[in-house]
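# predicted model, plus sequence, below.
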Amino acid sequence: MVKIRTIVFAICLSLLAGQLFAGGFALTGVDSRSTSMAGAFRGLADDPSAMYWNPAGLGFMNENSIAVGGTFILPTVKWDPSGTAVVNNPGYSAKEYKANTELSMFPSIFATMASSPRLKYGLAFYVPYGLGTTWDAYKLVSPPLTYVAGFPEDEMKSRIAVLDLHPTIAYQILPNLSVGAGLSVMFGMIDIDQIKFPTPSPYVPLTSELTGAGVGFGGNLGLLYKATDCLSIGLAGKLPANIDMEGDANVNVWTPASQDSLGNITPPRQFGGKSDIEATLNIPPELGIGFAYKVSPVWTVSLDYAYTVWEYLETVTVTMKNPITIMPGTPALSESELILNWENTSRISLGTEYSYGLNKFRAGFFFDQTPIPEATQIPTISDVGNKYSSNLGYGREFGQIGVNVNAQYIMFDKREIDSAGQTANNMAGSYHSQSLSGNIGLSYKF
């Protein structure tokens, strides 16, 4: 009995803290033009989206402008538990599951003011982190077992979004050198549902529903140096940020009706409860360098490298303001601290833009490592492996008005986790993911 209580407590801790970042990974970009060049934009940074990629780019802008856009993302995530320990659970079938197909939309707006020859200002609003997945894979085993009503329909779900209000300033120190800085006023939101099995019995699931929101602050810095008429070099970094969040959690254990050897019947029960919570969502720092080279007056090629310190997410603490007793005789759940072991990553991007009259043709490719180790991989984390992105874009100017569109396809490496690799914080199986996205943007210069 003591062993079972310990298992219940440990699973509850990892359940709440471990899934705080499920599905929470950085978006590939925030603007149509820069995204169509695969984010190889730190060394170019010559439009309002420089506020995201390299704020120093504002220092070379000589026109006021406003740009609005929207990114549409349609991810596909599949999980096959066949041949693993998970398939021995009668609540799952030996088949490939597919997350609910959902189209997500993320808006952006950029405004710049270039009335001063050297000092430039900008204000942006965009979503740098987002996405998530919803699963309806587990089914309560009935009949002959019976449970109380109210079991979650979608037992695994993750939603995370970080909105960034971003005032920016840049100063042109020399005719060929600019520096810039931006302040991030971040509003974070999470909505996480998960299922675990804290006892040796696969018929006793534990479900958790966690929601939260909060505000935090961060920023970015940049430098842009135009070494020659053809070559420019950009260096930009994002500062770490902490979003202090408040919300609530609903944690329950579901036990079926049972009958002992004497014929005594125990009715189905639902144990657990609700509590207000506090947690901190850590946003990792990033450092990137970019090069842009004009092969000819109409053809530009750019190359970027970015390093993200995802190990900043290593430890997470979730505090329950009102400790929850999961089952009679078990310790109340009050606080948890979990080592996530997310790993630092590198991203290499290559982009190009070719002008033909008023038309702009763009293409890009990037390779991006996944920060998620196998030890914490679960179905609700749609970042299942290293990513390969292909991008195509088009733009055209109609006087002071510009139109840009982009299409992006991301393929993820397949991930296999066998039974031997299963831990308290992951789920064994075969993972597949891909993503199709589009972006459209409108700009006006004045």
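Sure thing, it's come through.

# drop to CA atoms for contacts and neighbour counts, all remaining ones
Noted.

# and Met189, what does it touch?
Residues touching Met189, when contacts are defined by Cα atoms under 8 Å, 6 or more residues apart in numbering, comprise Arg159, Ile160, Ala161, Val162, Thr211, Gly212, Ala213, Gly214.

# and the helices in this protein, which stretches?
When secondary structure is read from DSSP state H, the chain shows helices at 2-18, 32-36, 50-53.

# ok, of the ones you listed, where does mean pLDDT dip lowest?
Mean pLDDT per stretch puts helix 2-18 lowest among the helices of the chain, at a mean of 44.

# in the stretch 1-150 of the chain, which spans are strands?
Along the stretch 1-150 of the chain, the stretches classed as strands by DSSP state E, counting those that start in this stretch are 25-26, 65-80, 97-98, 104-113, 119-130, 132-135.

# just how off-centre is the fourth one within its chain?
Its chain's C-alpha centre lies 18 Å from the corresponding centre of strand 104-113 when counted by Cα atoms, centre = their mean, to the nearest Å.

# repeat for the last one
The gap between where strand 132-135 is centred and where its chain is centred comes out at 12 Å by Cα atoms, centre = their mean.

# quick one: list the elements packing against that strand.
Packing contacts for strand 132-135, counted by 3 or more Cα pairs under 8 Å, 6 or more residues apart in numbering; DSSP states H and E, involve strand 156-174.

# list the buried residues of the strand it packs on.
Of the residues in strand 156-174, those buried under the neighbour-count criterion (16 or more other Cα atoms under 10 Å) are 156-172.

# what's the angle between that strand and strand 104-113?
For strand 156-174 against strand 104-113, the angle by axes from the mean of the first three to the mean of the last three Cα atoms, to 10 degrees is 20 degrees.

# count the neighbours of the residue lying closest to Thr300 once chain neighbours are set aside for me.
When the adjacent residues along the chain are set aside, Thr300 lies closest to Lys294, with 4.4 Å between them (Cα to Cα, 6 or more residues apart in numbering). Using other Cα atoms under 10 Å as the criterion, Lys294 is surrounded by 17 other residues.

# looking at it, Lys294 is touching Leu231, isn't it?
Yes. Using Cα atoms under 8 Å, Lys294 is in contact with Leu231, at 6.6 Å.

# coming back round to it: so who does the residue nearest to Thr300 touch?
Lys294 sits next to Cys230, Leu231, Thr300, Val301 when contact means Cα under 8 Å, 6+ apart.

# straight-line length of stretch 128-139, end to end?
When the termini of stretch 128-139 are compared using Cα to Cα, to the nearest Å, they are 35 Å apart.

# contacts for that stretch?
Looking at stretch 128-139 with Cα under 8 Å, 6+ apart, the contacting residues turn out to be 22-27, 29-30, 77, 91-92, 97-100, 104, 153-164, 380-382.

# average pLDDT for it?
Regarding stretch 128-139, the rounded mean pLDDT is 85.

# roughly how far is that stretch from the heart of the chain?
Relative to its chain's centre, stretch 128-139 lies at 12 Å (Cα atoms, centre = their mean).

# any idea how far the residue located most distally from the centre of the chain is from Leu145?
Ranking residues of the chain by C-alpha distance from their mean position (Cα atoms, centre = their mean) puts Leu262 at the top, at 53.0 Å. When distance is defined by Cα to Cα, Leu262 is 18 Å away from Leu145.

# output the below-cut-off pLDDT ranges for the stretch 251-400 of the chain.
Applying pLDDT under 70 to the stretch 251-400 of the chain flags the ranges 337-339.

# now do the strands in it.
Using DSSP E, counting those that start in this stretch, the strands found in the stretch 251-400 of the chain span residues 258-259, 265-266, 269-283, 286-296, 299-308, 315-324, 333-339, 345-356, 359-368, 387-398.

# next, format those as CSV and append distance to Asp136.
Rendered in CSV, the data for the strands of the stretch 251-400 of the chain read as follows (distance: least, Cα to Cα, whole Å):
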stretch, distance to Asp136
strand 258-259, 26
strand 265-266, 28
strand 269-283, 20
strand 286-296, 35
strand 299-308, 33
strand 315-324, 26
strand 333-339, 26
strand 345-356, 31
strand 359-368, 29
strand 387-398, 26
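
# and the ones you listed: which comes nearest Gly441?
Gly441 lies closest to strand 387-398 among the strands of the stretch 251-400 of the chain, at 9.2 Å (Cα to Cα).

# distance between the closest one and the chain's centre?
A distance of 22 Å separates the C-alpha centroid of strand 387-398 from that of its chain, computed with Cα atoms, centre = their mean.

# packing partners for it?
For strand 387-398, the elements it packs on are helix 32-36, strand 359-368, strand 401-412, judged by 3+ Cα pairs under 8 Å, 6+ apart.

# can you redo those as JSON lines with mean neighbour count and distance to Asn282?
Formatted as JSON lines, these follow (neighbours: other Cα atoms under 10 Å; distance: least, Cα to Cα, whole Å):
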{"stretch": "helix 32-36", "mean neighbour count": "29", "distance to Asn282": "25"}
{"stretch": "strand 359-368", "mean neighbour count": "21", "distance to Asn282": "20"}
{"stretch": "strand 401-412", "mean neighbour count": "20", "distance to Asn282": "25"}
